[in-house]
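> Okay, sequence plus prediction incoming.
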Amino acid sequence: MPYAYGSGFIIDTQGASSLGQGAATIAHTDYASAIYFNPALINKLEGTQVELGTTLLFPSSKFKSDITGKTFKIERDVFYPSTFYLTHKINDRVSAGLGVFNPFGLRAKWSENWEGRYIITNSEMQTYNINPVVSYQITPYIAVAAGLDFLFFDATLEKKINLSLLTPFPFPDGGQKFKGDGNGVGYNLGILFEPHKNISIGASYRSEIKVDIDGNATFDLPPGLPPLISALFPDTSGNTDITLPQQTYLGIYYKGFDPLSFEVALRWEGWSTYDQLKINLDKSVAGSTTFISKKDWKNTYTVSIGAKYQLNDQVAFLAGYLYGGNPIPDKTFDPAIPDAKTHQWSIGTDIKYKKLRFALAYAYQKWQSRNKNNSIDDTPDDGFFNSATSANGEYNSDLHVIGISLNYRF
C-alpha cells in the first residue's frame with residue numbers, strides 16, 4: 001500500500017531507533033519520540049532533549065488483470081514523513097513534551113489509462129499532528145501521561161469519467177477531482193510500570209479523531225462535449241468527514257540478558273469507525289448531490305518484536321519483526337487503498353557520542369498478495385457490474401524504508 005506504512009493508512013515510522021526495533025518501543029526508550037509511542041516514558045529522559053528525524057519511503061505496487069492479463073504499476077516516487085520531538089524534565093516527578101509528526105498518510109497514483117481509472121487514478125492523504133504532553137511519576141515504579149492531539153488533514157481523490165456511457169459519440173475520458181482539508185482534536189494517554197529492575201510494562205492510547213472536511217469537486221472535460229452533457233458536471237464545493245481510528249499499544253520490555261534486551265509489543269486499531277466515505281456536494285453532479293462509497297472496515301491488530309544488542313557504551317545494533325493485520329474486507333477492497341496483511345523485517349544501529357544520539361535503520365515491508373473479486377467498478381451504485389472497468393485481479397505491494405534520527409540532550 002504505497003506511502004501508508006501501517007495497516008489502513010497509519011504511519012508508524014516515528015523514529016529511526018523504533019523502526020530498527022520493529023516499532024516495539026512502548027515500554028522503553030532512549031529518544032524523545034517516546035511522545036508518540038508512550039508519553040509516560042519521557043520521565044526517563046534527562047534534561048531537555050530534541051529529536052529530529054525523517055523516513056524515506058520507496059513504495060512499489062502492481063496489479064495484474066483477471067480480464068486481460070495485463071500488468072499495471074503505480075507511479076514510482078519517494079516520500080519522507082518527518083518528525084520533531086522536544087522533551088523537558090521539569091523536576092523529579094514532572095516532565096513535559098511536544099511532538100510534531102505525520103500520524104496518517106496515503107498516496108497511490110495509477111496511470112490515467114489503467115484498467116481501474118474509473119475507480120481511482122490518484123488517492124492522497126496528508127496529516128500533521130501537534131501533540132503536547134505531560135508526564136507524572138506517581139511512584140518510583142509507576143508513571144502516567146496525558147496529551148492533546150491537534151490534527152490537520154488534507155486529501156485529494158482523482159479518477160476518470162467514462163463519458164462514452166453518456167453519449168453515443170466516442171469522446172475521451174473526463175477527469176474528476178475532489179480536494180479538501182479539515183482539522184480535528186483528540187487526546188492520548190500513557191502509563192509505564194516497572195515491577196522489577198529488568199522488566200518494564202508500557203501501555204498507551206490514542207483516541208479517535210473526527211475530521212470535518214470542506215473541499216471542492218472539479219471536472220476536466222474534453223472539448224466539443226455537448227452542452228447537455230457538460231452541464232451534468234459543474235464545479236462545486238462539497239464536504240465530507242472521516243473518523244480516524246483509536247489505537248491502543250501494549251509493550252513488555254526485558255533487559256536481563258545484558259547486553260541483549262528485547263521488547264514484545266501489540267497495537268490494536270479501531271478501524272470499524274471507517275464504515276463509509278460520503279461526499280455531499282452543493283450542486284448536482286450527474287444527477288446526484290451525494291456520493292457514497294461503502295468501506296465497512298474492521299478492527300485489526302499489529303504484533304512486533306524488537307531487540308537491541310549493546311556492543312559497547314557508544315554503539316548498539318537493532319533488529320525487529322512486525323506482522324500487521326488487514327482491516328479491509330474483500331467486498332469493499334479497491335485500488336485506492338490496496339491493503340493486505342503485511343510482514344516487516346528491520347535492522348538498525350544506535351550511536352551515542354557525548355550528548356548526541358544518532359539512529360539509522362532500514363526496513364523491508366511486504367504485503368501479502370491480494371485479489372480483488374467484487375462488484376466495485378466504474379459506477380458501483382448503478383446496479384450493473386462492468387467487469388472491463390472493475391480492476392479485478394491480483395495486487396502486490398512492497399516498501400523499502402530508511403529512517404534517520406538525531407537526538408540531542410541539552
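That came through, no problem.
> Do a quick rundown of the strands in the stretch 151-300 of the chain.
174-196, 199-206, 209-220, 236-244, 247-257, 260-269, 276-285, 288-294, 300-310 (DSSP state E, counting those that start in this stretch).
> Can you name the element that comes right after the helix or strand of the chain with the lowest mean pLDDT?
The least trusted helix or strand in the chain, going by mean pLDDT, DSSP states H and E, turns out to be strand 105-109, with a mean of 85. Remark: after strand 105-109, the chain's next helix or strand is strand 122-139, criterion DSSP states H and E.
> Quickly run through the sheet partners of that following strand, with directions.
Here strand 122-139 is paired, per DSSP bridges, with strand 94-101 (antiparallel), strand 105-109 (antiparallel), strand 142-161 (antiparallel).
> In CSV: the strands of the stretch 151-300 of the chain, plus distance to D149, mean neighbour count and mean pLDDT.
Glycine gets a C-beta too; all of them are placed from N, C-alpha and C. Shown next, in CSV, are the strands of the stretch 151-300 of the chain (distance: least, C-beta to C-beta, whole Å; neighbours: other C-beta atoms under 10 Å; pLDDT from 0 to 100):
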stretch, distance to D149, mean neighbour count, mean pLDDT
strand 174-196, 4, 18, 95
strand 199-206, 7, 21, 97
strand 209-220, 6, 17, 95
strand 236-244, 10, 18, 94
strand 247-257, 11, 18, 96
strand 260-269, 15, 20, 96
strand 276-285, 22, 16, 91
strand 288-294, 26, 14, 88
strand 300-310, 20, 20, 96
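> Quick one: closest of the ones you listed to P59.
strand 300-310 (18.4 Å; C-beta to C-beta).
> just checking, next helix/strand downstream of that closest one?
Assigned by DSSP H and E, the successor of strand 300-310 is strand 315-324.
> helices or strands up against the next helix or strand after that next one?
With elements assigned by DSSP H and E, the helix or strand that comes after strand 315-324 is strand 342-353. Secondary-structure packing of strand 342-353 (3 or more C-beta pairs under 8 Å, 6 or more residues apart in numbering; DSSP states H and E): helix 16-20, strand 315-324, strand 356-367.
> Show me what counts as buried in strand 342-353.
Within strand 342-353, the residues that qualify as buried are T342, Q344, S346, I347, G348, T349, D350, K352, counting by 16 or more other C-beta atoms under 10 Å.
> Could you list which residues are in contact with the residue nearest to L41 when sequence neighbours are not counted?
Distances taken as C-beta to C-beta, 6 or more residues apart in numbering place A34 nearest to L41, at 3.7 Å, with adjacent residues excluded. Neighbour list for A34: T25, L41, I42, K44, L45, Y85, T87, G97 [criterion: C-beta atoms under 8 Å, 6 or more residues apart in numbering].
> who touches the least confident helix or strand of the chain?
With C-beta under 8 Å, 6+ apart as the criterion, strand 105-109 contacts 1-5, 9, 11, 61, 74-75, 77, 79, 81, 120-127, 335-338.
> Apply 7 Å and report the result again.
Applying C-beta atoms under 7 Å, 6 or more residues apart in numbering, the contact partners of strand 105-109 are 2-4, 9, 11, 61, 74-75, 79, 81, 122-127, 335-338.
> Drop anything exposed from those.
2-4, 9, 11, 61, 74, 79, 81, 122-127, 335-338.
> Number of residues surrounding P327?
Residues lying near P327 (other C-beta atoms under 10 Å) number 24.
> Could you report the distance from it to W367?
Look at P327 and W367: by C-beta to C-beta, to the nearest Å, they are 13 Å apart.
> Pass me the low-pLDDT residue ranges in the stretch 301-410 of the chain, would you?
380-383 (pLDDT under 70).
> Nearest spatial neighbour of S230, chain-adjacent residues omitted?
Nearest residue to S230, sequence neighbours excluded (C-beta to C-beta, 6+ apart): L221, at 5.4 Å.
> contacting residues around that neighbour?
So L221 contacts G174, S230, F233 (C-beta under 7 Å, 6+ apart).
> Go ahead and confirm the last one touches F219.
When you say that, I think you mean F233. Yes. Using C-beta atoms under 7 Å, F233 is in contact with F219, at 4.2 Å.
> Give the residues shared as contacts by these two.
Joint contacts of F233 and F219 (C-beta under 7 Å, 6+ apart) are G174.
> out of the buried residues of strand 342-353, who's nearest R93?
Distances from R93 to the buried residues of strand 342-353, taken by C-beta to C-beta, are shortest for K352, at 26.3 Å.
> partner residues bridging the closest one?
Here K352, judged by DSSP bridges, has bridge partners R357.
> Show me the beta-bridge partners of V100.
Beta-bridge partners, per DSSP bridges, of V100: F84, I130.
> tell me the pLDDT at it?
pLDDT, V100: 97.
> so what's D334 up against?
Contacts of D334 (C-beta under 7 Å, 6+ apart): I119, I120, K372, I376.
> In those residues, find the pair that's most separated.
The widest separation within those (C-beta to C-beta) is 12.0 Å, between I120 and K372.
> still on that earlier bit, distance check, the residue nearest to S230 against G256.
Counting by C-beta to C-beta, the gap from L221 to G256 is 68 Å.
> I'd say T273 and P245 touch.
Yes. Between T273 and P245 there is a contact at 5.6 Å, judged by C-beta under 7 Å.
> Please identify which of those two sits among more neighbours.
P245 (24 against 17).
> Might you report the residue contacts of that one?
With the criterion set at C-beta under 7 Å, 6+ apart, P245 makes contact with E208, E269, G270, W271, T273.
> about what we covered before: pick out whichever of the contacts of L221 sits closest to K159.
Closest to K159, out of all of those and judged by C-beta to C-beta, is G174, at 9.8 Å.
> Let me know whether that closest one touches I229 as I believe.
No. In this structure, G174 is not within contact of I229 by C-beta under 7 Å, at 9.2 Å.
> what's the overlap in contacts for these two?
L163.
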